[in-house]
Structure formats: structure tokens, C-alpha cells
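Q: A structural model of the following input is requested.
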Amino acid sequence: MTWRNTPTRWGAVSQALHWLVVAVILFQGVSALWMVGLPNSPSKISLYALHKSLGLSVLALAALRLGWRVHAGAPAALPGPRWQRAAAAASHVLLYALLIAVPLSGWLFNSAAGFPLQWFGLINLPALAAPDPGLRALARTAHEWLFWLLVLVALVHAAAALWHHLFLGDATLARMLPRGWARPDPDAPPPEDPRHA
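A: Predicted structure coming up:
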């Protein structure tokens, strides 16, 4: 497998960043739903600190993914109706935007609440705003709604990839997985048309 993207598939760096972000987002969603119902305790504070640190990590990973995509390019779009290619492009733009907006809204909520912010206890980050109860409520609402929008768009994105793999039989999913994990192989020549055999 090559590190860089090729005209037919995503390279190792893009695949690793993609699936790492997926794993962190899944953990963030589950932990967020769980921690809000916990009673105040040192464990809850630790879980909130982890949630914030991982949120900042998602922000950094999204920036890294964008930078790598600009540097390494992207595989060519697979053949298909124009509306499908347009929908795929729009969903990618929306996913990148949400991967940035969700952590930033959480950072703004934390700032407006007057809480300090550290990345895994190693780096202190500045506040994005002064403490403000109104802004805190607005940022919290935005953070929650943006997260659910991210979940919705990600589910549609995943469902489309599975649809292409299971029903259309193309390489949409296979080229975001290590070679051999799914068929068809995106580098394999197209099957011969029996009408021309």
C-alpha cells in the first residue's frame, strides 16, 4: 500500500486518518451521552477533561486531513450519475466543516463557561471568549445540534458507501480500506463485457 493517494484509491495516510477520526467520534458520542448523567465526582471531571482533549484532537486531525488531501490529492471520482458525484462532494465538504465546527463550538462553550482548557494536561489553550452565560447557552446548544448533524451526515455517508459496495458492486468502500479487505479491488481491470467476448 502506498502512503499517498493514487488515482484509484486512498493511500495509507488518508485511510489511517479517516478511521482514526471515526473511532474518536464514536467514543466522543458515547462518552458525551453517558457523562452528562453522572453525578458530580472526580471521575466525571476526568471524563469531561478527556472529552475536551479528544475534541481538540479531532480538530487537529481534521486540519491534518485537509492539509494531506490538498498535498496528496484524491482518487478520481467513480463513474456514476452527476447527482451522485455532486452529493458525494457536498457530503465531504459538510463532514469536514462539521469536524471543525463541533470542536470549536465545544471550545467556545468551555470558554464562555469560564473553565480552563488543557490538551491532555500538557498544553493550556486560550479562551475563545470571556465568561458569558448567554453565550455559554448558545454555544452549548450549537455544540449539541452540530454533533447530531455530524452523526446524521456520517450515517448517510456510511450508508451510501455500503449501498455502493453491496448493491452497485463498485470500489467506493474498498478504496478506503486496506487492499484485500473488501472487493472489488479498485486497481483491478473492469470485468469483461460478455457481449464482447
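
Q: now do the strands in this protein.
A: Ranges of strands in the chain, per DSSP state E, are 117-119, 123-125.

Q: pick the most deeply packed of those strands.
A: Each of the strands of the chain was scored by mean neighbour count; the highest is strand 117-119, a mean of 16, by mean count of other C-beta atoms under 10 Å. Yep, even glycine has a C-beta here, placed from its N, CA and C like the rest.

Q: contacts for that one, please.
A: Contacts of strand 117-119 from elsewhere in the structure, counted by C-beta atoms under 8 Å, 6 or more residues apart in numbering, are 49, 52-53, 56-57, 107, 110-111, 124-125, 127.

Q: shaky segments in the chain?
A: Segments of the chain classed as low confidence (criterion: pLDDT under 70) are 1, 182-197.

Q: what residue is smack in the middle of it?
A: In the chain, the C-alpha closest to the average C-alpha coordinate belongs to Val21, at a distance of 5.0 Å (C-alpha atoms, centre = their mean).

Q: what sits against the closest residue to that one other than its chain neighbours?
A: Counting by C-beta to C-beta, 6 or more residues apart in numbering, Leu61 is the residue found nearest to Val21 once chain neighbours are left out, at 5.3 Å. Applying C-beta under 8 Å, 6+ apart, one finds that Leu61 lies in contact with 17, 20-21, 24, 99.

Q: and the helices in the protein, which stretches?
A: Per DSSP state H, the chain carries helices over the ranges 12-35, 42-72, 82-112, 133-163.

Q: of the ones you listed, which stretch is the most buried?
A: Mean neighbour counts were taken over those using mean count of other C-beta under 10 Å, and the top value, a mean of 17, falls to helix 82-112.

Q: so what touches stretch 131-139?
A: Taking contacts as C-beta under 8 Å, 6+ apart, the residues outside stretch 131-139 that touch it are 105-106, 108-109, 111-114, 129.
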